[in-house]
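>>> When you get a sec, could you give me coordinates for this:
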Amino acid sequence: MDVLVFSENPHLAAELLSAGAGLAAASGGRAYSVEADSVRQGTHGNALLLRSEVPLLGDPALLAEAISAARKTKVAPVVLIGSTKTGRMVAGGLAVLDQLCVLSDVRDLRVDGGRLTGTRGVYAGKFNALVGGPLPSIALIPQGSYEPFSEPSGPVEEVRVTTGPPKVSREELRSSAKSSLDLRGAKVIVAAGRGLKAKEDLAIVQRLADALGGVIGASRPLSSDLGWLGEEYHIGLTGVYVHPDLYVAVGISGQIQHVAGIRDSKVIVAINRDKQAPIFQVSDYGVVGDLYEVVPALLRALGRP
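Residues are numbered from 1 along each chain as shown. You can find the predicted model right below:
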């Protein structure tokens, strides 16, 4: 059984290739990274290089058509796609074109008895649900679910694909102002919440993160609502899922949407002046106090007055 994997994010593509290789090996097949516009994203594994008369990247509808064509060359019953904005649109288009089942945001994938199964967090991550669908199927996989594929490079096969006219008209291309740092790989995260009074006060949280050798993160109000930090800093159900060795929540109440994104952290420390704050229910250590007093005290203890 062959498995095709696709993501426009190179790191996520490497994770998908690791998941795909595990599934394919059980049946003597191979996993192939589907890469568009004749550009190899990585240096590992087998690849199908899609060649088209029109650019594919940036047009989810055309990508879906191209992957559908590539699927027919390998008769791959499993397609793994990164759960990004682009990936979800590609998966939806491919599902319609090839009449495939889609499993959303799953991990721990297995093929058993003609079905693809995986686990997905439900009720904001409090429980794991076992979901599945008949082969052939598509699985959308969030970043951080698998270790990146690291075996040597394999052969590269070129596939000539024919698609319809572009569905997206590109008017302008702007560089993203996002940070290059990916919170999913951070070992120490100090996250700020609505307990901060002003945007300028993020500096004290950044100082604590620096003192601990970590990076700064945020709950939804600071990123999505107030715009004090970019969306890439947003941790939670609608942001990124993190799994650091140490997670320090500064002024974060701990609503279920946020807790869903930090549940895999090894150690959680909470600082909040409200002793009834939900964050204390999931914390390993908690400090009840004003963050404007507690954080400076921690900095002094760390030799960073």
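
>>> what sits against the nearest residue to Ala31 once chain neighbours are set aside?
Leaving aside its chain neighbours, Ala31 sits nearest to Gly20 (3.3 Å; criterion: C-beta to C-beta, 6 or more residues apart in numbering). Bear in mind the C-beta positions are built from the backbone N, C-alpha and C, glycine included. By C-beta atoms under 8 Å, 6 or more residues apart in numbering, Gly20 lies in contact with Val3, Leu4, Val5, Ala31, Tyr32, Val78, Leu80.

>>> and if you look at Ala31?
Contacts of Ala31 by C-beta under 8 Å, 6+ apart are Asp2, Val3, Leu4, Val5, Leu17, Gly20, Ala21, Leu23, Ala24, Gly45, Asn46.

>>> before we move on, what about Ala192?
By C-beta under 8 Å, 6+ apart, Ala192 lies in contact with Leu202, Val205, Ile216, Gly217, Ala218, Ser219, Leu222, Leu229, Val250, Gly251, Ile252.

>>> For the residues you listed, give me a markdown table that also has distance to Leu291.
Shown next, in a markdown table, are the contacts of Ala192 (distance: C-beta to C-beta, whole Å):
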| residue | distance to Leu291 |
| --- | --- |
| Leu202 | 12 |
| Val205 | 8 |
| Ile216 | 14 |
| Gly217 | 15 |
| Ala218 | 14 |
| Ser219 | 13 |
| Leu222 | 13 |
| Leu229 | 16 |
| Val250 | 5 |
| Gly251 | 5 |
| Ile252 | 10 |
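
>>> Which of those fall in helices?
Leu202, Val205 (DSSP state H).

>>> and of the contacts of Ala192, the nearest to Leu12?
Gly217 (19.2 Å; C-beta to C-beta).

>>> Poorly predicted segments of the stretch 1-150 of the chain, please.
37-45, 124-125 (pLDDT under 70).

>>> Can you measure across stretch 110-128, start residue to end residue?
In stretch 110-128, first residue to last residue: 15 Å (C-alpha to C-alpha, to the nearest Å).

>>> what's that stretch in contact with?
In this structure, residues lying in contact with stretch 110-128 by C-beta under 8 Å, 6+ apart are 1, 23, 26-27, 78, 101, 103-109, 129-135, 137, 139, 237, 256-257, 259-261, 263.

>>> re earlier: most neighbours of all the contacts of Ala31, which one?
When neighbours are counted as other C-beta atoms under 10 Å, the busiest of these turns out to be Val5, with 33 neighbours.

>>> on that earlier part again, mind checking which of the contacts of stretch 110-128 are buried?
1, 23, 78, 101, 103, 105-107, 109, 131-133, 135, 137, 139, 237, 257, 259-261, 263 (16 or more other C-beta atoms under 10 Å).

>>> In strands only, show me the residues you listed.
Val78, Cys101, Leu103, Arg107, Leu109, Val131, Gly132, Gly133, Ser137, Ala139 (DSSP state E).

>>> among the residues you listed, which two are most distant?
Farthest-apart pair in these is Cys101 and Arg107; separation 16.9 Å (C-beta to C-beta).

>>> before we move on, back to that, let's see which of the contacts of Ala192 end up in strands.
Those of the contacts of Ala192 lying in strands (DSSP E): Ile216, Gly217, Ala218, Val250.

>>> Nearest to Ser150, out of those: which one, please.
The nearest member of the ones in strands among the contacts of Ala192 to Ser150, counting by C-beta to C-beta, is Gly217 at 27.0 Å.
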